[in-house]
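Student: Coordinates for the following, if possible.
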Amino acid sequence: MREQVKKKNSGWLGAFRPSWILLALFVIVFTYVSITILSPWQLHKDDDIVERNHQLEAAFEADPVDYKEAINPDGSLDADKEWTRVVLTGQYLNDYETLLRMRPVSSGPSYQSLVPFETTEGDVILVNRGWISAGEANAVPDDLESAPTGEVQLNGFARLGESVHPNAPIDRDGYTQVYSINAETIMDVSGAEDLSSAFVQLSDDQPGGLNTIPLPSMDRGNHLSYGYQWIAFGILAPIGLGWFVYSEIRERRRAEKEQAELEALRTSDTPGEQATSEETSTETASTHAAPVTTETHAKEAPAEHTPAQPADAEPVIENHTTAASRRRRARYGDAHPDHYAKFNKRSQDRA
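Tutor: Got it, this is the predicted structure:
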């Protein structure tokens, strides 16, 4: 019955303890998330950066175009036309100016001025004039200049509008402040009408421009390598789990083999001990019986045939330990066998 239980607990089934099952579930989830979520996320970011860099290169290689060639009649902008350099003529609508609140630029908090611009064709396009550093306690600085009045011509980059920010707009320091460049939000808080969803980010040295917003870096970053790393992690995780399970099973089999060898040695030693006990009992009985026989023969035999012995001589009695020692020396010589040495050495190596 005990052997059946050992066999049942050995092998692959014995390796799946609760801890191993939890580890296997973790590896499965980690592999799935790595390959299907984390890796595509990094690879898509790299694709977006590559596409943006191509658009920036194309924008600087081509001459600026009229805004109508980039911005659709409904005020929207196609993704493949973002960063196109455009020209628009008209006037600022300063009464609807809104500030983009606390958008970091040049490693510090800043405000960006968003002013609707009405073109000579009657379209209203949101213009990002640039940025200015936040004042003390993140207040709007007093030196924020208003956009010029009258007709002006602007050059800038066509940009896609941003999504609605979860934080609601606020009124502070005499300005309405928003957290994202979203046309619907700006129309709600400023009262401007028919504002295009796309906006124009001014280039250097433009009328009404503030500090120019820097263009994105052309560096692709490490997103591509990160994507490949997540794929590698997702592949290596189950391989590592399989190796750990295999090592566990191999170690268990080795321990079971050593235990079986120990049991075999114990079984082989038991009959020898019984035989030794029987032989010892027989020899002891013979030893005790010897003096009686000698005395009997001494009475019957002539005196001249009796061997001379010292008067104080005692009969030699061989005990159990002496007999066992004698048999051991007869079998192995002076060397004392140690059947458990190799098992002790293996235990020390593993420790």
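Student: which intervals of this protein have sub-threshold pLDDT?
Tutor: Residue ranges of the chain with pLDDT under 70: 1-16, 269-347, 349-351.
Student: Let me see the ranges of the strands in it.
Tutor: When secondary structure is read from DSSP state E, the chain shows strands at 65-66, 85-92, 98-100, 110-119, 124-133, 152-159, 170-172, 175-178, 195-202.
Student: Including mean neighbour count and distance to residue 226, could the ones you listed go into TSV?
Tutor: Any C-beta I mention is one placed from the backbone N, CA and C, and that applies to glycine too. Output for those, formatted as TSV (neighbours: other Cβ atoms under 10 Å; distance: least, Cβ to Cβ, whole Å):
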stretch	mean neighbour count	distance to residue 226
strand 65-66	14	37
strand 85-92	19	32
strand 98-100	22	30
strand 110-119	23	30
strand 124-133	22	30
strand 152-159	20	27
strand 170-172	12	37
strand 175-178	20	33
strand 195-202	23	29
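Student: and residue 75, which of those is closest to it?
Tutor: Comparing the strands of the chain by their distance to residue 75 (Cβ to Cβ), the top pick is strand 195-202, with 2.9 Å.
Student: angle of that closest one against strand 124-133?
Tutor: Here strand 195-202 points in a direction 40 degrees away from that of strand 124-133 (axes from the mean of the first three to the mean of the last three Cα atoms, to 10 degrees).
Student: now for strand 195-202, which elements pack on it?
Tutor: Here strand 195-202 touches strand 110-119, strand 124-133, strand 152-159, helix 183-190, going by 3 or more Cβ pairs under 8 Å, 6 or more residues apart in numbering; DSSP states H and E.
Student: Adjacent strands (with direction) for the third one?
Tutor: The strands beside strand 152-159 in its sheet (DSSP bridges) come out as strand 85-92 (antiparallel), strand 195-202 (antiparallel).
Student: now those as CSV including distance to residue 113?
Tutor: As requested, the strands paired with strand 152-159 are exported to CSV (distance: least, Cβ to Cβ, whole Å):
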stretch, distance to residue 113
strand 85-92, 10
strand 195-202, 10
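Student: So which of these is nearest residue 77?
Tutor: strand 195-202 (3.7 Å).
Student: if we look at that closest one, which residues are touching it?
Tutor: 67, 71, 75-77, 86, 88, 114, 116-117, 123-130, 154-161, 181, 183, 186-187, 208-209, 212-213 (Cβ atoms under 8 Å, 6 or more residues apart in numbering).
Student: Alpha carbons of that strand, in CSV - could you do that?
Tutor: C-alpha atoms of strand 195-202 as CSV (Å, rounded to 0.1, in the frame of the first residue of the first chain):
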residue,chain,number,x,y,z
LEU,A,195,-14.7,76.1,-34.3
SER,A,196,-12.8,73.5,-36.3
SER,A,197,-11.8,70.3,-34.6
ALA,A,198,-8.2,70.7,-36.0
PHE,A,199,-6.0,73.5,-34.8
VAL,A,200,-2.9,75.3,-36.1
GLN,A,201,0.4,75.4,-34.1
LEU,A,202,2.3,78.5,-35.0
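Student: ok now that strand, how far from the chain's centre?
Tutor: Computed by Cα atoms, centre = their mean, to the nearest Å, the chain-centroid distance of strand 195-202 equals 42 Å.
Student: Just the angle for it relative to helix 183-190, thanks.
Tutor: Angle, strand 195-202 to helix 183-190, by the same axes, to 10 degrees: 100 degrees.
Student: before we move on, back to that, let me have the strands of the chain in JSON lines, adding distance to residue 23 as columns.
Tutor: Shown next, in JSON lines, are the strands of the chain (distance: least, Cβ to Cβ, whole Å):
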{"stretch": "strand 65-66", "distance to residue 23": "60"}
{"stretch": "strand 85-92", "distance to residue 23": "56"}
{"stretch": "strand 98-100", "distance to residue 23": "49"}
{"stretch": "strand 110-119", "distance to residue 23": "49"}
{"stretch": "strand 124-133", "distance to residue 23": "51"}
{"stretch": "strand 152-159", "distance to residue 23": "48"}
{"stretch": "strand 170-172", "distance to residue 23": "50"}
{"stretch": "strand 175-178", "distance to residue 23": "49"}
{"stretch": "strand 195-202", "distance to residue 23": "50"}
